[in-house]
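Visitor: After the sequence you'll find the predicted model.
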Amino acid sequence: MLNDTSEPVLTVWHDGGCPLCRHEIAFLRRLDRRRRIDFVDVSGSEPVSCPLDRTAMLARFHAREDGRLLSGAAAFAAMWRAIPVLRPLGLAARNPLILSLLERGYVGFLRLRPSLQRLALRMERA
């Protein structure tokens, strides 16, 4: 997954309009010291290169690893593999059982996401 150049090896599309996503991506950018991840905000009005419809990109987390488009827990696991300190988690997620459990957790989070976003926005404004 890692290449010998300083070019990104992973593209991650995220919702920069979501306060939860903004905080998480900011944290992950700090961890990505080797700059292996190209973070693309799909929430703005400017056109960006998206492999899917923008609505689909905003509905779930997406990443491209080794030419494969991944979403949900698989996309998070790919991102973790690109960050050395999180790499063991990403490698563990290659196990189908672990990835399945992570995906269930992610789907549960998606159900709670609107409420959590509202709470995060209130906290940002306070």
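Guide: Arrived safely.

Visitor: Going by C-alpha atoms from here, please, whenever you check contacts or count neighbours.
Guide: OK.

Visitor: helices or strands up against the helix or strand encompassing Leu110?
Guide: Using DSSP states H and E, Leu110 sits in helix 96-125. If you count contacts as 3 or more C-alpha pairs under 8 Å, 6 or more residues apart in numbering; DSSP states H and E, helix 96-125 packs onto helix 19-31, helix 73-82.

Visitor: tilt between that helix and helix 19-31?
Guide: Taking axes from the mean of the first three to the mean of the last three C-alpha atoms, to 10 degrees, one finds helix 96-125 and helix 19-31 inclined to each other by 110 degrees.

Visitor: Quick check: phi and psi on the closest residue to Ser71 other than its chain neighbours?
Guide: Once flanking residues are discounted, Ser71 sits nearest to His62: 4.3 Å by C-alpha to C-alpha, 6 or more residues apart in numbering. When read as degrees, to the nearest 10, the backbone of His62 gives phi -130, psi 150.

Visitor: For the helix holding Leu110, list every residue counted as buried.
Guide: 99, 102-103, 106, 116-117, 120 (16 or more other C-alpha atoms under 10 Å).

Visitor: Could you do stretch 67-86 as well?
Guide: Quick answer for stretch 67-86 (16+ other C-alpha under 10 Å): 70-83, 86.
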